[in-house]
Every structure is written in structure tokens, then in C-alpha cells.
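K.L.:
give me coordinates for this.
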Amino acid sequence: MKKAVVFLEQQSWFGGAQRVLGTVLDSIAPEYERIVTFPDHGPFRSTLEEKNIETVDLPIGDYRPGKKTFVEKFTFACRSLYCGVKLASFIRRRNVALIYINGPRCMPAGVLAAWLTRRPAIFHLHLFLTRKLDIALVALLARRVSRIVACCEAAGASLLDVDRRLAVKTDVVYNPLPEPETRLAREEQGAWRCSDRITIGMVGRITENKGQLLLLRAVGGLPAQIRAKVQLLIVGAEAPRCVPDLVYGQTLRAEAARLGIEGQITWTGHLSDTRPCYASMDVLVHPALPPEALSIVILEALDSGVPVVAARTGGIPEMIRDGFNGLLVPPGDEVALRQALEVVLENDAARARLQAGARSGLDNRFLPERFSFSIRSVIGEFCPQERL
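P.N.:
Numbers count the residues shown, from 1 in each chain. The predicted model follows:
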């Protein structure tokens, strides 16, 4: 009989951590029974159910970006306590052998359930932690897990800088380049490309932390003759039922109109597979206002031969070699971002050099095979298969 692993997921729509979790689930498919908990219903959950992966409800609550109120923190603490007890009962009933926590929001409930059931727990750290309270809470709970999987050196450092004792249980396993979920016909590739302009793309959730507003203002501040060369391709949408995201989306469109560039922007909305978009881009911009760990978007762009202009923060310098396959700028610096865009737009030789660097490909740290082997090894260490 296959041993069961329960995966705790904090959101039901697609993001970088969810796409990585999909690869984790595929990696262990032959050996283990896979069960994934979700706070609600959404496209990611539906995709797993179509693959006949069991999903169950675990009401940890909606995710809202930004600073939390005292009431929200208190409510989250109560929900986590309830979910931890409920999860422990489920683990005993289904004889689950291992708990896999795919994000910090699920961590309190997961650690409590692990303690109540005496099961091992793995925590996958996809974030570069910045808030003092978050770091303190995650560091405290991390002492109770069996293993920490950090998606890059920077993500691991954000936790280890607080508690060096965690180093003995921390492994760095770089996020893999995901396989495309769909493959469009050749004539459909590059469908958004504007032949007489240079296309600057941005891919990600429409939310303040991603920095779409910074990109619009940097482009709007370009000299008129340079700005006229630009076509913007904004890929992504607001998170479902997230009021701050919806307000931010309205702000973006209003700012585009104020800057006079609304006619130069293509908004694609949510796409289940973003890979075909890169064929339409000459450069990808990734402002990443708060420090970001490891962006799947950057991996996809570089794998598609698209150079990247990004913030020098978090784990981004672990992917981009400044001046080779992209340009790094200080985070949140509109002037520096605008100057980097001028280089890409005005210097044909520099743009060609960066494109050649991007086309040289990713190194083997990001190979799906390497990721799958590492994940199977970690899970197998704490949930070994029974020998016949």
C-alpha cells in the first residue's frame, strides 16, 4: 500500500509556489498517495482534481496582501488552531505518513498537526522573509519541522540569519523550470508582438508588490521619441475576491491614461500557461518591490531567450548575471529602471548582447530532473517506501 502525504496549500489560484507544488506532486506520483488541502476552490485546485489528485477543505482563510490588522491576526490565529486540530484528526483517520507545508500561512496549522500526531513535517520556503513578525513566527515554528526546503540561497538566508541552528535541517533546492501546460501551434506563438515596436513584457499577479505601477511610470517618463518605440504586454490578473488587488488594477489603468500610454498597453488577463507570451517579448521587466526569492517568471523568460531587467534583490541575482543575460537595478528606483530601459530600447548592440546571453540557457541548478530527484530524496528520507 502506498504511504499518504498531505500537502498544505494556502491558495487555490496559480502562482509560482503552486506551479512548483505541481512539479512536486508529479515527482512523487508513482510512489505515494497525494492529498492536497485548500482554503477554497479555484483554478489550481481544479487542475489537480482533473489529474485525479485528492483535494480536501482546510479553512485557513483568505489571503490578503499587505499589512494585517489586529483583528485579522487574531482571526488567523484562531483559524490556525482550529485547522491544526481538524488536520490532526484527518491525518489519524487516513493514516497520513508525512505533512508537506507549501507556504508560511499553512505553517501554524501544519506544525500543530505534526505535533499532535507525531508525524514528520517538511516546510517548503518559497519566500524571502522581510517582516520581523513573520520571520520570528516562521523561525519559531521551523524548529518543529523535520526539514526546510528553501527555493534559493537568499530565501534560506532570510530565515537562517535569525536562527543559525536551522542550518542543519535546511536544504536549498532551486525551483525548476516548469514544463508548459499547453503548446500553441507555431502560428499562434508571438500573437501579441507588435512588429514596429519593441515589446516590454511583465508577467505576474496584478498586485502592488509586483511593481506594475513602477514600470508604467518608468515608461511614461521616457523621452517622447523613445517612448513611441514601446509596446507594453502586461500578463496577469488580480487575485479572486481580493479588494486591494482590484483597487490596484483600477489605479494602473488610471495611471496609464494619465501618462498617455494606455494605447500602447496590451492587458492579457489571467492565463493558465504564460509560456507562449515570451515569444512576443523583446525584454521582460520584473521590478519585485519587496525582496523576492526565486521567480518562475524570470526562469521562463531566460529559457525563452528573453533578457530580463529586474530588481537586485532577494534571489534574483542568483538567476541574472548583470550585463550578460539581463540588467539589475535597485529595487523601487524608478529612475534606474527608466535608464535601464533606455539602454535596451536605444542601444541595439547592448540589446543583442543581452538576448544572446539569455539564449545561452539556464544552468543545471534549475533542471526539472534535478529538482524531482532532490524532492524525492527529501520525502523518502522521512517517508520511506516499504520494501516488499
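K.L.:
contacts and neighbour counts: CA atoms only from here.
P.N.:
Fine.
K.L.:
mind listing what residue 85 touches?
P.N.:
Going by CA atoms under 8 Å, 6 or more residues apart in numbering, residue 85 touches 109, 112, 113, 116.
K.L.:
which one of those sits closest to residue 168?
P.N.:
Checking these against residue 168 with CA to CA, the nearest one is residue 112 at 21.7 Å.
K.L.:
surely that closest one and residue 86 touch.
P.N.:
No: counting by CA atoms under 8 Å, residue 112 does not reach residue 86; the two are 10.2 Å apart.
K.L.:
list the contacts for the nearest residue to residue 203 once chain neighbours are set aside?
P.N.:
Distances taken as CA to CA, 6 or more residues apart in numbering place residue 235 nearest to residue 203, at 4.6 Å, with adjacent residues excluded. Counting by CA under 8 Å, 6+ apart, residue 235 makes contact with 201, 202, 203, 204, 205, 267, 268, 269, 270, 271, 274, 277.
K.L.:
if we can go back for a sec, just the ones of the contacts of residue 85 in helices?
P.N.:
Counting by DSSP state H, the contacts of residue 85 place 109, 112, 113, 116 in helices.
K.L.:
give me the average confidence score over stretch 377-388.
P.N.:
Stretch 377-388 shows a mean pLDDT of 84.
K.L.:
which parts of that stretch are buried?
P.N.:
378, 379, 382, 383 (16 or more other CA atoms under 10 Å).
K.L.:
buried residues in stretch 55-73?
P.N.:
Those would be 55, 56, 58, 59, 60, 61, for stretch 55-73 by 16+ other CA under 10 Å.
K.L.:
before we move on, the earlier item: from residue 276, how far off is the residue nearest to residue 203?
P.N.:
Relative to residue 276, residue 235 is positioned 11 Å away (CA to CA, to the nearest Å).
K.L.:
isn't there a strand covering the residue nearest to residue 203?
P.N.:
Yes: the assignment for residue 235 by DSSP: H, G, I helix; E, B strand; the rest coil puts it in a strand.
K.L.:
measure it to residue 342 for me?
P.N.:
Taking CA to CA, one finds residue 235 at 22 Å from residue 342.
K.L.:
next one: residue 14
P.N.:
Applying CA to CA to residue 14 and residue 342 gives a distance of 33 Å.
K.L.:
what of residue 158?
P.N.:
33 Å.
K.L.:
can you check residue 62 too?
P.N.:
40 Å.
K.L.:
equivalent analysis for residue 132, please.
P.N.:
37 Å.
K.L.:
which one of the two has more residues nearby?
P.N.:
Neighbours per residue (other CA atoms under 10 Å) separate residue 132 from residue 342, with residue 342 holding more: 17 against 10.
K.L.:
show me what the strand or helix carrying the more buried one is packed up against.
P.N.:
Following DSSP states H and E, one finds residue 342 within helix 334-346. Applying 3 or more CA pairs under 8 Å, 6 or more residues apart in numbering; DSSP states H and E, one finds that helix 334-346 contacts helix 212-220, helix 224-227, strand 308-311, strand 326-329, helix 348-359.
K.L.:
tell me what angle that helix forms with helix 212-220.
P.N.:
60 degrees (axes from the mean of the first three to the mean of the last three CA atoms, to 10 degrees).
K.L.:
pull out the buried residues from helix 334-346.
P.N.:
334, 335, 336, 337, 338, 339, 340, 341, 342, 344, 345.
K.L.:
map the structural domains onto the sequence of the chain.
P.N.:
The chain breaks down by automatic domain parsing into domains covering 3-176+367-382, 186-364.
K.L.:
pull the distance from the first one to the chain's centre.
P.N.:
For domain 3-176+367-382, the distance between its averaged C-alpha position and the chain's averaged C-alpha position is 14 Å (CA atoms, centre = their mean, to the nearest Å).
K.L.:
do the same with stretch 201-208
P.N.:
Worked out by CA atoms, centre = their mean, stretch 201-208 lies 11 Å from the chain centre.
K.L.:
who's in contact with it?
P.N.:
15, 210, 212, 232-239, 244-245, 248-249, 274, 278, 281-286, 297.
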